[in-house]
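Novice: coords please:
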Amino acid sequence: MPKQRKKSDLPTKVCATCGLPFTWRKKWEKVWDEVKYCSDRCRRSKGKI
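Specialist: Numbering: from 1, shown residues only. As a prediction, the model looks like this:
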């Protein structure tokens, strides 16, 4: 079993829409390099801001 990481050790990115930082999530494990938005709401409103 792999060693668990502390939440503070997880990678972070800045949301392309709202500009707020967000951290890595397990569901983004395979596509982390492609993730640009912190939430579905930001992804949907990417052209409005």
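Novice: just the helices in this structure please.
Specialist: Assigned by DSSP state H, the helices in the chain fall at 40-44.
Novice: give the residue spans of it that score low on pLDDT.
Specialist: Applying pLDDT under 70 to the chain flags residues 1-2, 47-49.
Novice: swap the cut-off to 90 and go again
Specialist: Within the chain, the stretches with pLDDT under 90 are 1-9, 46-49.
Novice: would you map the strands across it?
Specialist: 12-14, 21-23 (DSSP state E).
Novice: from the chain's centroid, how far away is the first one?
Specialist: Average the C-alpha atoms of strand 12-14, do the same for its chain, and the two points are 6 Å apart (C-alpha atoms, centre = their mean, to the nearest Å).
Novice: got the buried residues for it?
Specialist: The neighbour-count check on strand 12-14 (16 or more other C-beta atoms under 10 Å) flags Lys13 as buried. (Glycine included, C-beta is placed from N, CA and C.)
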